[in-house]
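Novice: predicted coordinates and the sequence they were generated for:
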Amino acid sequence: MLEVSNIDLHYGAAQALRGVSLKAEPGKVVCVLGRDGVREAEPLRAALDVPRDQTKPFWIADSLEVIPPYVWENVPFQTQSFFDPNISMRLFTSKEHLFRSDNGGWNPAFGLARVKVHCNLWTGNGDLDEDGTYEPFSDVCDSWKPLGDPGQAGRLTYGPDALCPAAGQPLAQPTVPCAAPYPWGTDRSGGYVAFFQRAKSDNNTLWTATSTGRIFVTKNADAANPADVQFTRLDGFSSIDPNRFPSAIWVSSSNPNQAIVSYI
């Protein structure tokens, strides 16, 4: 049994906890609730005497948040990012493409030790090649690669209601309607990837949904070259498929070709 009483916790002059008590009995689940940002984990950290080290976190999102063209892709307020259930160090995240990293997010071209130093959230200077200058297109902290076609048409949102860069400006901010051909059709275009889920029963099945109601599945999410991943759109096969926001996907634990999709 774990029991703590009247915990006070300070970080310098800031008080994180005041008079917190907690009791966790064997065989029972204790849930600590709180608004985003209130640090629900702090009572456990304090009880186990785990120090809060803010010097170690490092950045792994240059390709998504700094460098065009993917910096311009739409994204929800809070997107998913999770490790593959079967393959060590493989990560997935999304914007309008789905992205995969096979190195836990960091760029193997420079080595983890160098990434930790130069991409440190607080003290890093970004100069991974150590030539004295930070160059965004070469000093890249991460190893994210888009799944499928890495170009505009590979966005799972691509269609007449999605925006693309003007002709001849592939890295510019999207300002004009995307042009045909439309690999995923013309309906339910635009928006962003709202949800995705990997099957646990194999290494290659991944389901995903866009905010406008498109549903996709790929059977080769583990392709050695991420650009070789192929998606199949499913929502058009059903006459009762709702034209609403997909809120979650649950993939059967025994059959990767079967999933339950919930909608708002």
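Specialist: That came in fine, so what should we check first? It should be emphasised that the depicted structure is a prediction, and the values quoted were computed from it without experimental measurement.
Novice: now the strands: where do they sit in the stretch 101-250 of the chain?
Specialist: Assigned by DSSP state E, counting those that start in this stretch, the strands in the stretch 101-250 of the chain fall at 145-146, 163-164, 176-177, 193-198, 206-210, 215-218, 231-233, 246-251.
Novice: packed most tightly, which of those would that be?
Specialist: Among the strands of the stretch 101-250 of the chain, strand 206-210 has the highest mean neighbour count (mean count of other CB atoms under 10 Å), at a mean of 26. Backbone N, C-alpha and C define where each C-beta goes, glycine included.
Novice: pull the residues that contact that one.
Specialist: 92, 94, 96, 98, 156-157, 188, 191-199, 215-218, 221, 231, 246, 249, 251, 259, 261 (CB atoms under 8 Å, 6 or more residues apart in numbering).
Novice: that one versus strand 193-198: what angle between them?
Specialist: Interaxial angle, strand 206-210 versus strand 193-198 (axes from the mean of the first three to the mean of the last three CA atoms, to 10 degrees): 170 degrees.
Novice: chain center to strand 206-210, what's the gap?
Specialist: How far strand 206-210 lies from its chain's middle: 13 Å, per CA atoms, centre = their mean, to the nearest Å.
Novice: repeat that for stretch 195-209.
Specialist: Taking mean C-alpha positions (CA atoms, centre = their mean), stretch 195-209 and its chain are 14 Å apart.
Novice: where does pLDDT dip in the chain?
Specialist: 1, 9-16, 32-55 (pLDDT under 70).
Novice: what number of residues lie near the residue found closest to Asp187 once you drop the neighbours it is linked to in the chain?
Specialist: Spatial nearest neighbour of Asp187, chain neighbours left out: Gly159 (7.3 Å); criterion: CB to CB, 6 or more residues apart in numbering. Gly159 has 24 neighbouring residues, counting by other CB atoms under 10 Å.
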